[in-house]
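**Student:** just a sequence and a predicted model for now, questions to come.
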Amino acid sequence: QVQLVESGGGLVQAGGSLRLSCAASGRTFRRYAMGWFRQAPEKEREFVAAISWSGLSTDYADSVKGRFTISRDYTKNTVSLQMDSLKLEDTAVYYCKATDLGIDYWGRGTQVTVSS
């Protein structure tokens, strides 16, 4: 069982930055593929960014490329999402996902609100 806890959400003005963090339980963090997803009101959950178990491969949604950066810290069992140049349309609940042996685990999410 993998437990994920997101933090770092909040209210920020357009053009500002936030850094989300996801803390993962378990001794096998090194083998988890990790990702961030988001869900805006009345919209489906969508992919934001992902990082491989090795940390050598990353992927981003087109809408966040060049603005968001995903990273992971094996000493702290965390994955982070640095979000810069935030836009109104980035407002959503952001969820962390871990994939271990083909099973997906989700956190409860953290709210990010971007104001004008």
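**Tutor:** Sure thing, it's come through.

**Student:** element containing E42, please.
**Tutor:** Secondary structure from DSSP states H and E places E42 outside every helix and strand.

**Student:** let me know the pLDDT of it.
**Tutor:** Per-residue confidence at E42 stands at 94 (pLDDT).

**Student:** going forward, begin numbering at 336 instead of 1
**Tutor:** Got it, first residue is 336 now, which makes that one E377.

**Student:** which phi and psi does the nearest residue to S352 once chain neighbours are set aside have?
**Tutor:** Leaving aside its chain neighbours, S352 sits nearest to D419 (4.7 Å; criterion: CB to CB, 6 or more residues apart in numbering). For the C-beta atoms, the positions are set from N, CA and C on the backbone; glycine is no exception. Here the main-chain torsion angles of D419 (degrees, to the nearest 10) amount to phi -120, psi 160.

**Student:** ok, what's across the strand from the most centrally placed residue in the chain?
**Tutor:** Among the residues of the chain, W371 comes closest to the average C-alpha position under CA atoms, centre = their mean, at 3.0 Å. Each beta-bridge partner of W371 is listed here: A384, C431, as defined by DSSP bridges.

**Student:** residues contacting L423?
**Tutor:** A349, V449, S450, S451 (CB atoms under 8 Å, 6 or more residues apart in numbering).

**Student:** then T404?
**Tutor:** A384, L416, Q417, D419.

**Student:** hey, where'd the strands end up in this structure?
**Tutor:** Assigned by DSSP state E, the strands in the chain fall at 339-342, 345-348, 353-359, 368-374, 381-386, 393-395, 403-408, 413-418, 427-435, 438-441, 445-450.

**Student:** the second one pairs with which strands, parallel or anti?
**Tutor:** Strand 345-348 sits in its sheet next to strand 445-450 (parallel), going by DSSP bridges.
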